[in-house]
Each structure stands twice: as structure tokens, then as C-alpha cells.
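Undergrad: just to be clear, the model below is a prediction. Sequence and coordinates:
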Amino acid sequence: MSSKQQSHQRVFVVTGANKGIGYEVVKKLSTNQPNDLILLGSRDQKRGEEALVQLGSPSNVKVLVLDTSSKKSIEQAKEELQNKYDGHLDVLINNAGIGINDPSLKALKDTFDTNFYGVKHMNDTMSPMLRDNGRIVNVSSGLGAMTMKECSQDLKTKFLNPDITDSQLEQLFAELFKAVEEEKDPATVGFNPVILPSSDDYFALYYGASKLGVNTLTRIEARDWEKKYSAKNVIISAVCPGFCATDLNGNAQGARSAELGADSILHAVYTENLENGQFWRDGSHLPFESK
Ligand SMILES: NC(=O)c1ccc[n+]([C@@H]2O[C@H](COP(=O)([O-])OP(=O)(O)OC[C@H]3O[C@@H](n4cnc5c(N)ncnc54)[C@H](OP(=O)(O)O)[C@@H]3O)[C@@H](O)[C@H]2O)c1
């Protein structure tokens, strides 16, 4: 057993926690869990260390350098967990996220690499380290459910199929990638943008589709992991933090605070007997398809 980590200590990992909602999650965990270990994920070491200083350098918080869009970085973070923290994990909060208002294939790819594949690769890599009663929170968005609502009926039926597999899910997104690459209207393959007041149509479409992916992945993983980790009582949830003023939306006027967004996420960490594989905001169920 490493001297740096005691087996009774619970280990929390929060990705994209150097600012915004993730930072507020770490701030709350550091006071709520004084005897536990909170790993503040940051893709940039310096920004992570600055955030730690901003928190007052609490002894139960450490920086974990982690770029969720990179499989290599995820593997390195796993090795760090194994080498420094005995390979234990109790709560993983997949919070890192981006949105880009640009029609290019690169913008779509970058959005998915962090928001969708980042969550998938994190869960594939980290879930075997989860201990009993472990929890994973996939930070999603109401825009994911709104994007589902705008999909063609055919596509909606495929997303909502209770037996959908992760490779079938990836195939649905491959159609979107192909359409964008061939400069076809994404509507020809069933993806229609949610119309936002800001007219950020490509942000809405690419970001919304990535969060639709996160919601569907959450349902898939909850279903598959009931068998795989049946003895461990692992619960996985998707959570919308609500519309919060952060850098993601240019600190939108009138939006709620990032602190309230953090509370929404923490409901899925602290609520006992939480239903597996559901989508939540502020502790209330959200439908997977909504206006
Ligand atoms: N704000 C809202 O209204 C809202 C609503 C619904 C859902 N959400 C979701 O809430 C989560 C947090 O967003 P936020 O509003 O707090 O945004 P934010 O202030 O822009 O913070 C995003 C965080 O994610 C990090 N990040 C981005 N890409 C990353 C990557 N590849 N690997 C690791 N970290 C990465 C950023 O790091 P850098 O500093 O290095 O860029 C930053 O720490 C996101 O998943 C977002 O989609 C937000």
C-alpha cells in the first residue's frame, strides 16, 4: 500500500476541473470529503496547478494531468492512479467538454473527441478500477435531449432502441461524419440542429449530437455493466448541470452560477439508491428526448 493513499480513502476524479463547473465540483468535494482524495483533472499542468492554488491548496486535492481527447493521456492518467494511488477509484466525473460553432469536419471531430469519445475511452479505461458502490457521472446537456427531438424518426428509433450497442451508436455518428466530410446537409442523414436564440447552429448540432451520444452511451453502459460489475453496485448517470455562466458560452448573461451546476452533478454522486442509467438535472429525471 502506498504511503500516499490509504485504502479507506475514497478516490474521486473530476475531468476538466481547472475552471468552470468542474472546478466548483472539486471545490465542493474538497470540503465535503476532507478525508478523501480528490483528483483535479486538467489537460494543462500549469492551469491545473493554478486552480489548486486558487482553491487554497487543500491537502486532499491533487492535480491529475489528463487530456480526455487523447487515449495516450488517459492511459498515462490510469498509470498514475495505479502507481500513486493504488489503482483505486470510487467516483469518476466526466466533466471535460467543449463546443465549437464552426461547420468544419475538424470542429465536429474535435467536439466528439472530447465530449463523446473522451467519455467512452475514460469509462473503458477507468471503470475496471472502480470499487464497490462506485459511481460514474457523465456530464451531459439538455441539448442532447433536444437534439434527439430534432432527429428524423428513423434515427430516433435507432438511438432509443433499448438493445443498441456502442458500435451501433458509433455507426450512427459515422453517418454524420461522412455527411459533413462530403459537405452534405447533416439533415440528409437525419441530424437537424436545435435552433438556439444565439443562432450558433453548428455549436448546437455538433455539441448537441455529442451529448446525445453521451446520454445514449450512459444507457448502454448501465445496461451492460449491470452484468459485468453486478457484484459491485456501480451506478452510472448522465447529468445536465443546467445553463451556467462559464467560458463555454462566453459567460452568458442571465445564466445560473457554475456552483449550482456543480450541485446538479453532485446529486448523482450523493443520492442513495439512485436509479441506474438515467439522465438528471438538479436531482430530477430528464427525458432522453425533450424540447
Ligand atoms: N455551462 C453550461 O451552460 C453547460 C450546460 C450544459 C452542460 N455543460 C457541460 O458542463 C461541462 C463543463 O463545462 P463548463 O461550462 O464548465 O465549461 P468551461 O468553463 O469551458 O470548462 C470546460 C473544462 O473542460 C476542460 N477541457 C476541455 N477539453 C478538454 C480535454 N480534451 N481534456 C481535458 N479537459 C478538457 C477545459 O480545460 P481548459 O481550461 O484546458 O480549456 C475546462 O477545464 C461540459 O461537459 C459541458 O458540456 C455546460
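TA: In hand now; what should we look at? Computed from a predicted model, the values in this text were never measured in an experiment.

Undergrad: run the chain-centre distance for the helix or strand bottoming out on mean pLDDT in the chain.
TA: Lowest by mean pLDDT, DSSP states H and E among the helices and strands of the chain is helix 201-202, with a mean of 80. How far helix 201-202 lies from its chain's middle: 21 Å, per CA atoms, centre = their mean, to the nearest Å.

Undergrad: for the protein, longest strand please?
TA: In the chain, taking DSSP state E as the definition, the longest strand is strand 130-139.

Undergrad: right, is the following helix or strand past that strand up against the ligand?
TA: Using DSSP states H and E, the helix or strand that follows strand 130-139 in sequence is helix 142-150. No. Shown here: helix 142-150 not in contact with the ligand (CB under 6 Å from any ligand atom), separated by at least 6.7 Å. Bear in mind the C-beta positions are built from the backbone N, C-alpha and C, glycine included.

Undergrad: now the helices for this structure?
TA: Applying DSSP state H to the chain gives helices spanning 20-32, 45-54, 71-85, 105-115, 117-126, 142-150, 153-160, 166-181, 201-202, 208-228, 258-270.

Undergrad: adding mean neighbour count, write the ones you listed out as JSON lines.
TA: Converted to JSON lines, the helices of the chain look like this (neighbours: other CB atoms under 10 Å):
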{"stretch": "helix 20-32", "mean neighbour count": "22"}
{"stretch": "helix 45-54", "mean neighbour count": "15"}
{"stretch": "helix 71-85", "mean neighbour count": "16"}
{"stretch": "helix 105-115", "mean neighbour count": "20"}
{"stretch": "helix 117-126", "mean neighbour count": "21"}
{"stretch": "helix 142-150", "mean neighbour count": "23"}
{"stretch": "helix 153-160", "mean neighbour count": "14"}
{"stretch": "helix 166-181", "mean neighbour count": "16"}
{"stretch": "helix 201-202", "mean neighbour count": "17"}
{"stretch": "helix 208-228", "mean neighbour count": "22"}
{"stretch": "helix 258-270", "mean neighbour count": "21"}
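
Undergrad: can you redo these as CSV with distance to residue 188?
TA: Output for those, formatted as CSV (distance: least, CB to CB, whole Å):
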stretch, distance to residue 188
helix 20-32, 35
helix 45-54, 40
helix 71-85, 31
helix 105-115, 15
helix 117-126, 24
helix 142-150, 14
helix 153-160, 11
helix 166-181, 6
helix 201-202, 16
helix 208-228, 15
helix 258-270, 35
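
Undergrad: mean pLDDT lowest where, among those?
TA: The minimum mean pLDDT among those belongs to helix 201-202 (a mean of 80).

Undergrad: look up how far the ligand lies from residue 246.
TA: With distances taken as CB to the nearest ligand atom, to the nearest Å, residue 246 is found 3 Å from the ligand.

Undergrad: nope, residue 211 is what I meant
TA: Counting by CB to the nearest ligand atom, the separation of residue 211 from the ligand is 7 Å.

Undergrad: for that residue, what are its contacts?
TA: Each residue near residue 211 by CB atoms under 8 Å, 6 or more residues apart in numbering is listed here: 115, 140-141, 143-144, 147.

Undergrad: what does this structure have sitting close to the ligand?
TA: The chain comes close to the ligand at residues 15-16, 18-22, 43-44, 47, 66-69, 95-98, 114, 118, 139, 141, 240-241, 243-244, 246-249, 255, 258, as judged by CB under 6 Å from any ligand atom.

Undergrad: mind listing what residue 212 touches?
TA: Going by CB under 8 Å, 6+ apart, the list of residues near residue 212 reads 144-145, 147-148, 151, 159.
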